[in-house]
Structure formats: structure tokens, C-alpha cells
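Engineer: Provide a 3D model corresponding to the input given below.
(4 chains)
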2 protein chains.
Amino acid sequence: MPRVVDHARRRTELAEAVWRVIRRDGVEHASVREVAREANLSMGSLRYFFDSQDGLLRFAMQEVMRRVQVRIEAGASARDVAMRRGKTGEVVVDLLEQVLPIDDERLAEAQIWLAFTPRALIDPQMQALRQEADDGVRELCRQCLLGLSGFGLMAPERNLRQETERLWALIDGLTLHLVTGHTSRRTVRQVLRAHVGDLAH
Amino acid sequence: MPRVVDHARRRTELAEAVWRVIRRDGVEHASVREVAREANLSMGSLRYFFDSQDGLLRFAMQEVMRRVQVRIEAGASARDVAMRRGKTGEVVVDLLEQVLPIDDERLAEAQIWLAFTPRALIDPQMQALRQEADDGVRELCRQCLLGLSGFGLMAPERNLRQETERLWALIDGLTLHLVTGHTSRRTVRQVLRAHVGDLAH
DNA sequence: CTTAAGTTAGCACGCGTGTGCTAGAAAACG
DNA sequence: CGTTTTCTAGCACACGCGTGCTAACTTAAG
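Structural biologist: Numbering: from 1, shown residues only, chains lettered A, B, ... in the order given. Next up, the predicted model:
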């Protein structure tokens, strides 16, 4: 048998090429040819790993989702430990910051995310893909609020459903403002801390 | 001289055709040809009113911005009157709802808005166009908070700059969730009301 | 009616696109 | 050394694209 190549690795490399093109030129320029150029591959070779452009772009977005999820789950173990030490508030903020693009890597992810958002309004396939990720962030918010509640850090008269939606929207709004450069990372962190702190009253 | 046509009207008609195409097929399909088809015009005729595709799309976005601004200013007169009657809280919520896509017209506007957002990250022209609109919403938030503060409806120890950013992000997040269908109009209004109410404590 | 200006229509060019397809290169196995 | 399998390269096709350009149509003015 011939030169064997790590299939999965090649695919993520190509996904990364897609990301670079999208961030540089926009998703409308993420053509098969352009991505192949970016990855220093012929377009025939690219098509050996992705049989269609749709598949390529879908994978590129799924790969972003996967990375975010990995980061959240990585922080989840540390979360439970620290919570028992009474630092619930800070832990919750740290956890939520895993979703906020407050460093360059996360900012890049959020840019890709935003680039695909309008497409998800039109393409049902995209919408289905993102559904679980969106639900994941919502659920993260809910769990954080539940955690706060359990440690008496959220006023009992507050409506969990409503607070979940509020926190979720706040996070997505802050994300948007970071990506568009309308707000500094510092301010975003302050706002998030203030919001979580406010929940106690 | 020949049949004379209302230039401004034709341009807004074409902008509306752009909107329909974007909402149906996505901004990447808003080609000169497709828009001309949608408007029942030849593409030569379209080019008589817009000398380039860029100009057409730019105008289509500016027209959205203009409509939102008109609606806000229309509500501004009613605002001052009602504020003096002590209904400050409700008035503020009403005013902020002018920006939220809680009816079909505003939802359509927000969809267009979202469709152009990724483009604004790459195209400096687009970014410049949207700058003033974004600043406008931020300023609206600030003014609302100032109003609340003046009537003792915002706790004095709160930081105006931080609360502005929080309210602004919340609104943009809620907008996003309305456009993506992740949240109902009812819930969004409840959340906004709750948020404004919370500012007093 | 003639004239001229406003408006419409659409062809033509060069380019970039996604995908079907074939041929060759590379390397492990018998 | 062949043989076989994995990978790479790239041509070819039909299509849609933005724009430059010209010709025709429509209608108010003289």
C-alpha cells in the first residue's frame, strides 16, 4: 500500500484552512479552489477528503463546535472541585468565560461562528448542526445559575427560566461586541462579573 | 422629456428587492441579476440606478438603518411627554423595544442586519457605515439609563458605563435569539422588563 | 411632427465557481 | 521486481457572476 496519510488530521488541517480564508476574506470566498490554495493542496486532492464544498464547510463549522465543547468539558472537572471550596461565584464566571472570546483563539472561533450564523437562518442543514451547540450554551447558563442558586448566590425569588435566557442573551451579546470590536475584553469581563454578582440581590 | 420616474422611490424598491432575496436565499445570492429578477426589472435598468453591486448592497443596508432610526425618533416625542407623568420605567422599555425585533417588520430588518454583520468584519466600507448605527443603539441605551437614573429608578452606586454595555449587549443578544428563533417574543419582553426593573436595586 | 432626454433592455467579455473524471505518482506488500 | 492501494494533480464542462457598452423605447418639450 502507498503513502498513508492520517485522514482525520488532514481534514482538520483543511478545516483550519477554511477558517483562515473565512477570517481573511469572508465565508463567501471560501471556495474549494481558494481553500485548496490556502492549504497548499491541489483541488483534486482536497476533493479526495471532502466530496463536496458543503461537506467541507459543514465540517469546518462542526470542528469549531467541537473545540469549544472540549474546552468547556476540560474546565468542568476543575469546576466541581472548586465549588466545594466556596468559590462558586468565581468558578461560574470562569466557566462562562470559556464561551466568551476573550483570547485570540476564542475570538477566531467566534468570528467563524458569526460568519456561519446568517447561513444557518436559510440552510436547514446548518441550522440542525448548530442547534445542539446553541442548546449547549443555554444549558451551560442554566447549570451555572443552578449552581449559584444552590449556594445561595442567587435570590430565591428569581425565575430560573428567565434568568437563563437573560444570561444567555447577555453572553451572546457580549460575544458579538467582542467580535465586532465594540467592547474591550476588560469591559466584557467586568460586565459578566457584575451581572453574576447582581443575581444575589 | 420622457417618462420620468421617482428616482428615490425606485432605489428603495430595489433595496426592498435586495431584502427579499437576502431573507430568502442569503446575502451571497444577492447578485445584480437575481435582484433585478426579484424587482421585475432588467439588469440594465437596475444598473441605471446603481452603478455597481457594492452600491446596491450598501444602499440596501443604509435603508434598514434609516428605518430603524425613523422609528426611534418617532417614539422620542411621546417619550418626553410620558416621562413627566412618572411612567419612566415603562417608557424606557417601550423605547428599547423599538430596537428589538418583536414584530414581523422589525424581525425582517434584524435578519438583514445580521446578514451583513460578517461582511462588516472584513469590508471597511461596511464597517464605517454601521459604526454610527451601532453607536446610536449604544447611545440609546445610555440615555435610557440616564433617564432611569434621573428618576431614581437606577441604584446610584451603579456604574453608568458598565450598565450601558450590559444593557446594550443584552439587547443585541436578545435580538440575535429572536432572529435565530431561539427565544419567543414574549420571553424577550419579559427579560427586558425584568432587567430594567432590576436596575433599581 | 421633430427633437432630445430619461429609461429600459440585453448582449458580450472575462473570470471564478463546483463537480465529474482521468491519469499519474508514491509506497507498502507479496 | 512487480502489484496493488492510497493519494495527488489537474483538465473540462457548464454555469453564474459583475460590468462595459450599445441600441431601442418612451414621453415631454418645442
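Engineer: Does anything pack onto the lengthiest helix in chain A? Which helices or strands?
Structural biologist: When chain A is parsed with DSSP state H, its longest helix is helix A:53-83. Under the contact criterion of 3 or more CB pairs under 8 Å, 6 or more residues apart in numbering or on different chains; DSSP states H and E, helix A:53-83 touches helix A:7-25, helix A:32-38, helix A:88-97, helix A:104-122, helix A:124-150. C-beta coordinates here come from the backbone N, C-alpha and C atoms, glycine included.
Engineer: switch the cut-off to 7 Å
Structural biologist: helix A:7-25, helix A:88-97, helix A:104-122, helix A:124-150 (3 or more CB pairs under 7 Å, 6 or more residues apart in numbering or on different chains; DSSP states H and E).
Engineer: For the residue in chain A positioned nearest to DNA strand D, give me the pLDDT.
Structural biologist: Residue nearest to DNA strand D within chain A: A:Gly44 (2.2 Å; CB to the nearest atom of the strand). Each residue has a pLDDT score; the one for A:Gly44 is 96.
Engineer: same check, this time on the one 5 residues further on
Structural biologist: We have a pLDDT of 97 for A:Phe49.
Engineer: Might one say that it is in contact with A:Ala8?
Structural biologist: No: if you go by CB atoms under 7 Å, A:Phe49 and A:Ala8 don't touch, sitting 9.9 Å apart.
Engineer: I'd like the distance from A:Gln127 to DNA strand C, if you could.
Structural biologist: Applying CB to the nearest atom of the strand, to the nearest Å, the value for A:Gln127 to DNA strand C is 19 Å.
Engineer: ok, now A:Leu114?
Structural biologist: 20 Å.
Engineer: residues touching that residue, list them.
Structural biologist: A:Leu114 makes contact with A:179, B:117-118, according to CB atoms under 7 Å, 6 or more residues apart in numbering or on different chains.
Engineer: Please report how far the spatially most central residue of chain A lies from A:Val18.
Structural biologist: Among the residues of chain A, the one closest to the centroid is A:Val68, at 4.8 Å (CA atoms, centre = their mean). Distance, A:Val68 to A:Val18, by CB to CB, to the nearest Å: 16 Å.
Engineer: can you check A:Thr88 too?
Structural biologist: Distance, A:Thr88 to A:Val18, by CB to CB: 39 Å.
Engineer: Looking at the two, which is more packed in?
Structural biologist: Neighbours per residue, other CB atoms under 10 Å in any protein chain shown: of A:Thr88 and A:Val18, the larger number sits with A:Val18, 25 against 21.
Engineer: list the contacts for the more buried one?
Structural biologist: A:30, A:35, A:56-57, A:60.
Engineer: I am finished for the moment; much appreciated.
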